[in-house]
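Peer 1: when you get a sec, could you give me coordinates for this:
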Amino acid sequence: MQDVFEPPASQSGSTPRPANPSRAVVWLALTALLVALALFAAELLLGRARVMERATTDTKAEADQLSEHAARLMGAHALVLRNAEWLVRSQSWDAVSGTPHLFEWLRDLAGEAPEVQSYWLVDATGKVRVSTLRWPVPDLNVADRAYFLPHESGMVGPHVSPRLSGRLNPEVFFALSRRIDGHDGTFMGVVQVSLRPAYFESFYASVSAHPDAEVMLVRDDGEVLVRHPAPVESGSTLGNVADLVSRRDPTTGLLTAASPFDGQERLYAVADVDRVPVRIVYGISTAGLQSDWGWAALGHFSFAILATLLLLPLAVIALRQTRQAEVAQGQLRSSNVALEARVRERTAHLDIALDDLRLSEERLSRLVNTAPVAIMEIGPEGRYTDVNAAAERILGLSRAAIIGVRHDAALWQATSLDGRPLSSVDFPTARALAGEEVRDGEYALRDPKTGARQILSVNAVPIRDENGRIIGCTATAMDVTGRYEAEDRQRLLMREVDHRAKNALAVAQAVVRLSRADSIEAFTSAVEGRVSSLARSHSLLAQASWSGADLERLVEDEVQAFAVNPGQLTLRGPRVRLGADMVQSLGLVFHELATNAAKHGALSRPEGMVTLDWTVRRGTLDLTWTETGGPEVVAPPTRQGFGSTLLGQVLRHQLGGKIDMDWAPAGLRCHITLPLGSQA
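Peer 2: This is a model prediction of the structure:
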């Protein structure tokens, strides 16, 4: 009987093989390897996308920062050009070029801005009137220059020229220029600032984080003004990149293309500069981006190989998987730290750009506050929102006291030049808020503290938003009170000259009528001498603007003409300023004394001497004329001629003085006393 516990015999005569666990392990390893490879491939794709996204963001941000820098920098100089344009239009070319005031102001501004080579003001014929390179400016015509021709053809807004080479200074530059129009719209000339490409090249080099980055400042027509890195031979032209700029994406401003300068493929961002016809082109090398991505992929590839090798020892799969996860996390943290460090390095140059923008804003603030023209901003409600230092001086209040006050407040007592009070709607700022542009309107204000009246030349233009709605206005004002006072003084001086000329003609007529002589030749000589004396006195008065003349100068002019040598005349006395009414009459007195001395007295001999001593006591001039070394005086003259009559009439009746003649044997001694009043 078969034992129930004995196993049954196999019908085939063979025993089944146990399952092979190595196959499961192999499948597990292959599955893990495939999963690892799939994750590696996904990480490669995601990593490349992150690198390109970050590069796109950085490139656009860099281009926008450099565009804002160019807009602020050129905007500041555009404001200088507008002020210079206004000065030329409000005065004249001869006024601004005849004095160094505008030259000194522009030269100081150029000295504070390293990007500026020079400022130029050119009239409608192309003649240079003001240049900060030299004063006075040499005779130079620039009618053929690229910054003059567009404005001559009618271009009004700001214009940027190609790169040029200077004629007074051979340094390469490009010009930012504006057209100057007269009050009637006629072309008056051009005002421009010459900017140094070298400054922009240096700035772009200092803020560029990528060693192979390319930065270009380009005109609207594609002409390259500045490029970093600078070409080895940077002449007056760098080339044109209009084709490259035209391929940018209209929405993002991005494109990928080969550089026309070195052929290297780059990711470019193009950003327009606000209010100036130029743009920034900033590019970083795509090869560098691929290199960054490759290094990141290499790390992930190494991680995948390591993970695969760790799967092979099946005995320690769980432990090694845990350790691999820890190693992977540590590497990921290190990669993140390194990535954050690289991000900080790439954004550090933005801080430099912000510092440069801050410095540009400070320069602009100094420019506005040092401008000799008052600059004011008024809000839509008609209240002051901002003013510069010149406006504080003209309006007579501090900036804090002006802000918030209405532009037509009664405290300034605004009137027209004929004294009529201005109504609210007649104020130039009110007209600008209504949409009108006011040019060179002249009005009168009263200083609220001193009450002094001042005349202002005002320009006002409305400020509009992007929809054309008026949101305020800006106004500039210049104190032209001095010009009106000068015109009044000139009219007064002309009346004085007319009065003096009539008096001189009357005196000359009396001289001719009263002169006596024994012959025609003697009569002619006497009249000519006396008229010449009047002419010399007239010249002295004209040199002093008819305010008077110096006594010593008057005596020298009248007496030296009769002396054989200068040593024959000795003058001793304090400085005395004669009134205008005394000069011609006293000049005739000294002429008659000198004529008599030359004919009969000390000046008729080379060794003769004339000494003139004078003192001033209590507003009275005591003057003594002494002759020595001449012929001996035998007796006083027996006949009284015109000269003696003139001396008596002029001194006693016209000047209110007196004269004593002492005919001593040694020579004539004449003592004269004259009241000076307040003229001494």
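Peer 1: what's the longest strand in the protein?
Peer 2: Ranked by residue count, the top strand of the chain under DSSP state E comes out as strand 453-464.
Peer 1: how far away from the center of its chain is the helix or strand following that strand?
Peer 2: From strand 453-464 onward toward the C-terminus, using DSSP states H and E, the following helix or strand is strand 470-479. Strand 470-479 has its C-alpha centroid displaced from the chain centroid by 20 Å (Cα atoms, centre = their mean, to the nearest Å).
Peer 1: stretch 103-110 too?
Peer 2: The chain centroid and the centroid of stretch 103-110 are separated by 5 Å under Cα atoms, centre = their mean.
Peer 1: how about that stretch as CSV, C-alpha atoms only?
Peer 2: These are the backbone C-alpha positions of stretch 103-110, laid out as CSV (Å, rounded to 0.1, in the frame of the first residue of the first chain):
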residue,chain,number,x,y,z
PHE,A,103,29.0,131.1,-23.5
GLU,A,104,30.0,130.9,-19.8
TRP,A,105,26.7,129.4,-18.7
LEU,A,106,26.8,126.7,-21.4
ARG,A,107,30.5,126.1,-20.8
ASP,A,108,29.8,125.5,-17.1
LEU,A,109,27.1,123.0,-17.9
ALA,A,110,29.3,121.2,-20.4
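Peer 1: can you give me the buried ones in that stretch?
Peer 2: 103, 105-107, 109-110 (16 or more other Cβ atoms under 10 Å). All C-beta atoms are positioned from the backbone trio N, CA, C, and that covers glycine.
Peer 1: where exactly do the helices run in the stretch 1-150 of the chain?
Peer 2: 21-90, 93-98, 101-112, 149-152 (DSSP state H, counting those that start in this stretch).
Peer 1: quick one, which of these is nearest to L289?
Peer 2: Evaluated with Cβ to Cβ, the helices of the stretch 1-150 of the chain place helix 21-90 nearest to L289, the distance being 5.2 Å.
Peer 1: residue nearest the centroid of the chain?
Peer 2: The centroid of the chain falls nearest to L106 when counting by Cα atoms, centre = their mean (3.7 Å).
Peer 1: quick one: contacts for that one?
Peer 2: 80, 84, 119, 130, 132 (Cβ atoms under 8 Å, 6 or more residues apart in numbering).
Peer 1: what do you get if the cut-off is 7 Å, keeping everything else the same?
Peer 2: By Cβ atoms under 7 Å, 6 or more residues apart in numbering, the contact list for L106 reads 84, 119, 132.
Peer 1: if we can go back for a sec, between the helices of the stretch 1-150 of the chain, which gets nearest to V633?
Peer 2: helix 93-98 (58.1 Å).
Peer 1: flag every buried residue along that closest one.
Peer 2: Within helix 93-98, the residues that count as buried by 16+ other Cβ under 10 Å are 93, 96-97.
Peer 1: over to stretch 612-632?
Peer 2: Within stretch 612-632, the residues that count as buried by 16+ other Cβ under 10 Å are 612, 614, 616, 621, 623-630.
Peer 1: taking those one by one, which sit in strands?
Peer 2: 612, 614, 616, 621, 623-628.
Peer 1: and those residues, which two are furthest apart?
Peer 2: V616 and T628 (24.5 Å).
Peer 1: just give me the lowest mean pLDDT stretch among the helices of the stretch 1-150 of the chain.
Peer 2: Lowest mean pLDDT within these: helix 21-90, at a mean of 79.
Peer 1: hang on, the earlier thing: out of the buried residues of helix 93-98, which comes closest to M661?
Peer 2: If you rank those by distance to M661 using Cβ to Cβ, S97 comes first, at 58.3 Å.
Peer 1: was I right to think that closest one contacts V130?
Peer 2: Yes. Judged on Cβ atoms under 7 Å, S97 makes contact with V130 at a distance of 5.7 Å.
Peer 1: what residues sit buried inside stretch 470-485?
Peer 2: Buried-residue list, stretch 470-485, by 16+ other Cβ under 10 Å: 472-480.
Peer 1: of the residues you listed, closest to V226?
Peer 2: Among the buried residues of stretch 470-485, and counting by Cβ to Cβ, the member closest to V226 is T474, at 31.1 Å.
Peer 1: distance of the closest one relative to V564?
Peer 2: Per Cβ to Cβ, to the nearest Å, T474 is found 73 Å from V564.
Peer 1: ditto for R420
Peer 2: Here R420 is placed at a distance of 69 Å from V564 (Cβ to Cβ).
Peer 1: more neighbours: which of those two?
Peer 2: More crowded of R420 and V564, by other Cβ atoms under 10 Å: V564, with 13 against 10.
Peer 1: give me the secondary structure label for the more buried one.
Peer 2: Assigned with DSSP: H, G, I helix; E, B strand; the rest coil, V564 falls in the coil class.
Peer 1: isn't it up against P606?
Peer 2: Yes. Under the criterion of Cβ under 7 Å, V564 makes contact with P606 at 4.9 Å.
Peer 1: what's the span of stretch 410-422, first residue to last?
Peer 2: 10 Å (Cα to Cα, to the nearest Å).
Peer 1: buried residues in it?
Peer 2: By 16+ other Cβ under 10 Å, the buried positions in stretch 410-422 come out as 412, 414-415, 422.
Peer 1: which of these scores worst on pLDDT?
Peer 2: Across the buried residues of stretch 410-422, the bottom pLDDT score, 84, is held by W412.
Peer 1: residue contacts, that residue?
Peer 2: Shown in contact with W412 (Cβ under 7 Å, 6+ apart): 395, 445-446, 448.
Peer 1: ok, the longest strand of the chain: who's next to it in the sheet?
Peer 2: Counting by DSSP bridges, the strands paired with strand 453-464 are strand 438-446 (antiparallel), strand 470-479 (antiparallel).
Peer 1: comparing the ones you listed, which gets the lowest mean pLDDT score?
Peer 2: With a mean of 87, strand 438-446 has the lowest mean pLDDT of those.
Peer 1: would you mark the buried spots in that strand?
Peer 2: For strand 438-446, the neighbour count (16+ other Cβ under 10 Å) marks 438-439, 441-446 as buried.
Peer 1: reformat the contacts of W412 as CSV; add distance to E326.
Peer 2: Shown next, in CSV, are these (distance: Cβ to Cβ, whole Å):
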residue, distance to E326
L395, 74
L445, 81
R446, 84
P448, 79
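Peer 1: tell me which two of those residues sit farthest apart.
Peer 2: It's L395 and R446 that sit farthest apart of those, by Cβ to Cβ, at 10.6 Å.
Peer 1: leaving out the residues flanking it, which one is nearest to R167?
Peer 2: Leaving out its chain neighbours, the residue that sits closest to R167 by Cβ to Cβ, 6 or more residues apart in numbering is L140, at 6.6 Å.
Peer 1: tell me the spacing between the one you found and T481.
Peer 2: L140 is 35 Å from T481, by Cβ to Cβ.
Peer 1: where do the strands sit along the stretch 301-450 of the chain?
Peer 2: In the stretch 301-450 of the chain, the segments counted as strands under DSSP state E, counting those that start in this stretch are 374-378, 384-387, 438-446.
Peer 1: now do the first one: distance to the chain's middle.
Peer 2: What that stands for is strand 374-378. Distance of strand 374-378 from the chain centroid (Cα atoms, centre = their mean) equals 18 Å.
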